[in-house]
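Student: sharing a model that was predicted from the sequence below.
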There are 2 protein chains.
Amino acid sequence: MSDASSSAGTVGKALEVLDLVGAQGRPVRFAELQGLSRFPKATLYRFVQTLTNEGMLSFDPERQTYGLGIRLVRMAHNAWEQSSLAPIARRHIEALSAQVGETVHLAQLDHAQVLYVDKVNAREPLQMYSQAGKVGPAYCTGVGKVMLAYLDEDLLARVIEQQSFHPFTPHTLNTEAKLRDELKAIQNRGYGFDREEHEPGIICVAHPILTPGGRLLGALSVTSSTGRTSLTALEEFVPIIKETANAISVEAAQWRFPDTHQPKGS
Amino acid sequence: MSDASSSAGTVGKALEVLDLVGAQGRPVRFAELQGLSRFPKATLYRFVQTLTNEGMLSFDPERQTYGLGIRLVRMAHNAWEQSSLAPIARRHIEALSAQVGETVHLAQLDHAQVLYVDKVNAREPLQMYSQAGKVGPAYCTGVGKVMLAYLDEDLLARVIEQQSFHPFTPHTLNTEAKLRDELKAIQNRGYGFDREEHEPGIICVAHPILTPGGRLLGALSVTSSTGRTSLTALEEFVPIIKETANAISVEAAQWRFPDTHQPKGS
DNA sequence: TGGGAAGTTCCATTATGTGAAACTCAGTTT
DNA sequence: AAACTGAGTTTCACATAATGGAACTTCCCA
């Protein structure tokens, strides 16, 4: 009961361990984990055992290392398929990318971060950091700022608290005040920009995706580089982007389950 | 203590709920879940709460439905990145696909099923069921049979027990005896075929990926359709496929972690 | 062949999970 | 408008399952 922030129950702790393994980016030995986690050896050991038995972690007996398990991949495939946004948006963002000839990102807000859930590359892909499944900062990406702009104040305050405001580039908005001003501008304008705030040379126009009721679903962006085009040129695409966002939103709203209850059979 | 098969601890039960949600393929209401799960209402409720708080499930307040959460997508990205096979194999299978001009699959064995972990489409993609993250039957796919052929007898017996032997097509090997004969043939030959055993018109050549020590890592296949080519023609590719499998295997073996322990800082 | 570190098991203690039942609160139905 | 319904939520006495210090077993390296 000391910090309510993360994980009270057993399940939460187990997931914490899972994240810890995932965060390393490579399979880890037990001892490494022990050093990183707040749990005593025996406790951690049991978690790792359980998770391995459950298929959420995989154990490599040759190397004596634990990695994220294959069951996760399967689950995530389901997650992606059933998330109301990504599968529906697919063909729309493909069409958009084809029309504008640039890379398109689809993102959602995950806690205080941007999660890229899908990406369609331009014919000549940019060399950049994003990728489906990757997370990025919210305060200095086009999609991130646009989504923040459509959060209600309570949540926004909490999310802003968690931003690092690390100055990735000279253009990064590195204070809450600057960010808040930007969010107001986005609210007025209805869309936002990334002015090389996260990666030098990378710019984008981003647009929110809202339910008809105004709830935030996610955001999409058209991304390019200063070498290829300019913000002014990208802004030309806003009408098409807006249309795409709308189309996704409408389709997502129609996405009802067949009926209140389903037949029980397979 | 009735069936030790699935989930003893709390974590296991929570994951069971998670799978249940995932299995529906669409967001579900609480009542639906209740009907499907073995847990009493209050217990199930708490699980769903916990999982939602943890970000493993997402709750849509408009529709009052639960879906798999966004945290899973993030985890899966990590899983894919740190699995010893998929990221390493990427460029190899891309090269292979470019060379042979056909679709290439990379698969691993997940319990008794084939999990497709990556896929590179030919220039003209086939209309077929596979996709990264999807699972398929082991006894009637090229990659599946090849992997079975390199399992040791103990495990093989257990895995075979779990095959349905459903006759997807007239060519499906629908008995254990037929399958066992086929596995022997594969062991002698070093690679295997799919002779329209899973989907009519879909054929492939599959090759195992083994560690230098002989442990099974996965399998890859070159897939095409009877309309486009023949098994005999596909068999021509075996040397290149074998080479690719080898290259992947070698690279996977070198894939050591930097050192026994890592610095603690972020 | 001994010292040390990694990995594993034990078990008394206690925190956590459990689930029947009671409650709330819509949206019906009478 | 009062009673009913059923989904969703909360409560609380009880029991199971998690906890972690300490002891034990490898396995490696000197």
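Tutor: Here it is on my side, so go on. Numbering: from 1, shown residues only, chains lettered A, B, ... in the order given.

Student: all strands for the stretch 51-200 of chain A, in order.
Tutor: Taking DSSP state E, counting those that start in this stretch as the test, the strands found in the stretch 51-200 of chain A are A:57-60, A:65-68, A:103-110, A:113-120, A:135-137, A:192-195.

Student: I'd say A:Val250 and A:Ile209 touch.
Tutor: No: the pair A:Val250 / A:Ile209 is not scored as a contact, 10.3 Å apart, by Cβ atoms under 8 Å. For glycine as for every other residue, the C-beta is placed from the backbone atoms N, C-alpha and C.

Student: these two: which is more packed in?
Tutor: A:Ile209 (26 against 13; other Cβ atoms under 10 Å in any protein chain shown).

Student: from the stretch 51-200 of chain A, which residue is nearest to DNA strand C?
Tutor: Residue nearest to DNA strand C within the stretch 51-200 of chain A (Cβ to the nearest atom of the strand): A:Gln64, separated by 4.9 Å.

Student: for chain A, that is, sorry about that
Tutor: Closest to DNA strand C within chain A is A:Gly9: 2.8 Å, counting by Cβ to the nearest atom of the strand.

Student: check what pLDDT that residue gets.
Tutor: Looking at A:Gly9, its pLDDT reads 87.

Student: I'd say it and B:Phe47 touch.
Tutor: No: taking contacts as Cβ under 8 Å, A:Gly9 lies outside contact range of B:Phe47: 9.7 Å.

Student: in terms of neighbours, single out the busier of those two.
Tutor: B:Phe47 (24 against 17).

Student: isn't that one right next to B:Ala14, touching?
Tutor: Yes: under the criterion of Cβ under 8 Å, B:Phe47 makes contact with B:Ala14 at 5.4 Å.

Student: can you list residues touching both of those two?
Tutor: By the contact definition Cβ atoms under 8 Å, 6 or more residues apart in numbering or on different chains, B:Phe47 and B:Ala14 are jointly contacted by A:Val11.

Student: which sections of the stretch 101-250 of chain A are below the confidence cut-off?
Tutor: When residues are selected by pLDDT under 70, those of the stretch 101-250 of chain A lie in A:123-131.

Student: how about the residues of it near chain B?
Tutor: Contact residues, the stretch 101-250 of chain A versus chain B (Cβ under 8 Å from any Cβ of the partner chain): A:108, A:110-111, A:115, A:117, A:131-135, A:211, A:213, A:215.

Student: can you select the buried ones among the residues you listed for me in ChimeraX?
Tutor: Selection of buried members from these for ChimeraX, criterion 16 or more other Cβ atoms under 10 Å in any protein chain shown:
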select /A:108,110,115,117,132,133,134,135
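
Student: the helices in chain A, which residues?
Tutor: A:10-23, A:30-36, A:41-53, A:70-82, A:86-100, A:142-149, A:153-161, A:176-189, A:231-235, A:238-254 (DSSP state H).

Student: closest one to A:Ala219 among these?
Tutor: Among the helices of chain A, the nearest to A:Ala219 by Cβ to Cβ is helix A:142-149 (4.1 Å).

Student: neighbours of the residue of chain A found nearest DNA strand D, how many?
Tutor: The nearest approach of chain A to DNA strand D comes at A:Ala42, 3.0 Å away (Cβ to the nearest atom of the strand). Residues lying near A:Ala42 (other Cβ under 10 Å) number 8.

Student: nice, that's everything, thank you.
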